[in-house]
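Engineer: kindly return the folded structure for what I paste below:
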Amino acid sequence: MRKPFLAVLALVALVLAGCVTINVYFPEAAAQRAADQFIGNVLDEAPAATPQPAPAPATKPDSAALLDLLIPAAHAADTPDLRVRTAETEAIRARMRERFQGELGQLFAAGTLGFTRDGMVAVRDPAGVALASRTRVNALVAAENQDRTALYREVARANQHPEWESQIRATFAKGWIERARSGWYYQDPAGAWRRK
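Structural biologist: Predicted structure coming up:
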């Protein structure tokens with residue numbers, strides 16, 4: 001009678017160990033590096049950089065390997081690497097780059113457009129756009145913002161953490177402003193326009 005009880009007790013302990021919740025925190029530093037590279041590839045005139053190979057994973061001590069065997073999700077506590085390159089994000093990057101190398105870059109240089117504090121683009125000075133061109137400029141801004149929304153969502157999805165979308169957006173918003181060229185406009189945290 002004692003052996004079945006111990007077996008059941010051991011099984012219950014194993015099941016409970018498998019139910020351990022491990023918090024996965026947003027990898028802020030990795031997100032900033034990824035955002036900087038993506039933004040640089042869009043704004044800079046140089047061709048897109050070739051991705052660097054990932055460093056070899058460090059070996060784990062035997063106790064960590066045993067924990068991974070008992071609790072497969074234990075590796076989630078490691079600092080994750082943020083995945084930004086997917087087929088969809090590369091297509092978005094190409095469209096954004098084309099717009100910035102074309103009319104969008106000119107509109108930023110003229111002070112007509114600016115980066116918003118939430119990672120989007122806005123018409124800052126409508127008077128800077130000729131009446132005949134306003135529909136085209138508004139469509140260009142709408143296409144850019146549609147791609148930005150899709151980018152932030154796709155990065156969160158590609159990393160299997162859709163709950164990170166707002167943090168990814170905030171990280172990219174900061175990056176767009178930091179990488180803005182001299183003379184371009186951006187919104188400060190209070191929403192006021194500033195010139196870089």
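Engineer: contacts, neighbours, all on C-alpha from now
Structural biologist: Will do.
Engineer: how about stretch 28-42: buried residues?
Structural biologist: Within stretch 28-42, the residues scored as buried using 16 or more other CA atoms under 10 Å are Glu28, Ala31, Gln32, Ala34, Ala35, Asp36, Gln37, Phe38, Ile39, Gly40, Asn41, Val42.
Engineer: average pLDDT across it?
Structural biologist: Mean pLDDT, computed over stretch 28-42, is 93.
Engineer: CA atoms only for it - export them in PDB, please.
Structural biologist: C-alpha atoms of stretch 28-42 as PDB (Å, rounded to 0.1, in the frame of the first residue of the first chain):
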ATOM      1  CA  GLU A  28      15.100  45.800 -23.900                       C
ATOM      2  CA  ALA A  29      18.800  45.800 -24.900                       C
ATOM      3  CA  ALA A  30      18.200  43.200 -27.700                       C
ATOM      4  CA  ALA A  31      15.200  45.200 -28.900                       C
ATOM      5  CA  GLN A  32      17.200  48.400 -29.000                       C
ATOM      6  CA  ARG A  33      20.000  46.800 -31.000                       C
ATOM      7  CA  ALA A  34      17.500  45.200 -33.400                       C
ATOM      8  CA  ALA A  35      15.600  48.500 -33.800                       C
ATOM      9  CA  ASP A  36      18.800  50.500 -34.400                       C
ATOM     10  CA  GLN A  37      19.900  48.100 -37.200                       C
ATOM     11  CA  PHE A  38      16.500  48.100 -38.900                       C
ATOM     12  CA  ILE A  39      16.100  51.900 -38.700                       C
ATOM     13  CA  GLY A  40      19.700  52.300 -39.900                       C
ATOM     14  CA  ASN A  41      18.900  50.100 -42.900                       C
ATOM     15  CA  VAL A  42      15.900  52.300 -43.700                       C
END
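Engineer: quick one on the thing from earlier: so can I have TSV of the buried residues of stretch 28-42 showing secondary structure and distance to Glu144?
Structural biologist: Below are those laid out as TSV (DSSP: H, G, I helix; E, B strand; the rest coil; distance: CA to CA, whole Å):
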residue	secondary structure	distance to Glu144
Glu28	helix	24
Ala31	helix	21
Gln32	helix	21
Ala34	helix	19
Ala35	helix	16
Asp36	helix	18
Gln37	helix	18
Phe38	helix	15
Ile39	helix	13
Gly40	helix	16
Asn41	helix	15
Val42	helix	12
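Engineer: right, I'll leave it there.
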